[in-house]
Every structure is written in C-alpha cells, then in structure tokens.
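**Student:** No sequence on hand, only this structure:
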C-alpha cells in the first residue's frame, strides 16, 4: 500500500511544538481521517514517539546508511498502517547551532535524502 506523507519541517523557533501539540489534541480526528502521526515528545508534547537520528556530517557512508535504516524503524514505530502519515520534526534540515556560525543548514541535502529514503511513501505535501 502506498502511504501519502505530509511533512511539517518547521524551522527552529517557529512554533513547531505548538503544531505538534495541535496534532496531539486532534489525534482522534486525524486517526479517523486515516492519518498516522509521527512527532517527537519534545517540549512536553504528549504522545510523541518519533526519535529520528539522521546522518551527521562526519558519518561514513556505512554509518549514514545505518542511520537511514534506524530512521525508517523510528518512523514505522509511529505507524499503525493507515494510508496517510503526518510527520512533524523541526530538525529535518539540521541543527540550530549552525545559525550561530552564520551557516544556513549546511548539511540539509544529506539529511533530506536520508529522510526521503526512510519515508514509507512519497511526500504529498511539505509545510
């Protein structure tokens, strides 16, 4: 079965935790609409099960591949088999510390390729 994936890749400090709280508060309605939810339990948001560890700049090709496999498993732990998946994670593009160095998500390409590979279906919508 093809899974339709909705990705919320909110940048740091843009209300991602509020969006994830909204997912939690509306979980019954979203599940009734055939949506599984994947988001972390960061900042006190209940119900978050997602624990992504995406490739780091220093990872070898083998280590990066291992992280992709683990990311797939982490995403699968959030799923119940519904045809839609709403995934919300503010660290998809990278970590915030690079902003303090004057760099804008310098490793985003590698991380996004890893996310795309780990997802159970194509991205239908990106926010």
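**Tutor:** Done, it's in. Keep in mind that this is a model prediction, so the values were computed, not measured.
**Student:** Tell me how far residue 67 lies from residue 107.
**Tutor:** 12 Å (C-beta to C-beta, to the nearest Å). (C-beta placed from N, C-alpha, C; glycine too.)
**Student:** Count the residues that sit near the residue nearest to residue 83 when sequence neighbours are not counted.
**Tutor:** Using C-beta to C-beta, 6 or more residues apart in numbering and skipping residues adjacent in sequence, the residue nearest residue 83 is residue 34, 5.3 Å away. Residue 34 has 13 neighbouring residues, counting by other C-beta atoms under 10 Å.
**Student:** Tell me who's in contact with residue 34.
**Tutor:** 82, 83, 84 (C-beta atoms under 8 Å, 6 or more residues apart in numbering).
**Student:** Make a PyMOL selection of whichever of those turn out to be buried.
**Tutor:** Remark: buried members of the contacts of residue 34, expressed as a PyMOL selection using 16 or more other C-beta atoms under 10 Å:
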select buried, resi 82+84
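**Student:** Could you list the single helix or strand in this protein with the lowest mean pLDDT?
**Tutor:** Least confident element among the helices and strands of the chain, by mean pLDDT, DSSP states H and E: helix 108-118 (a mean of 93).
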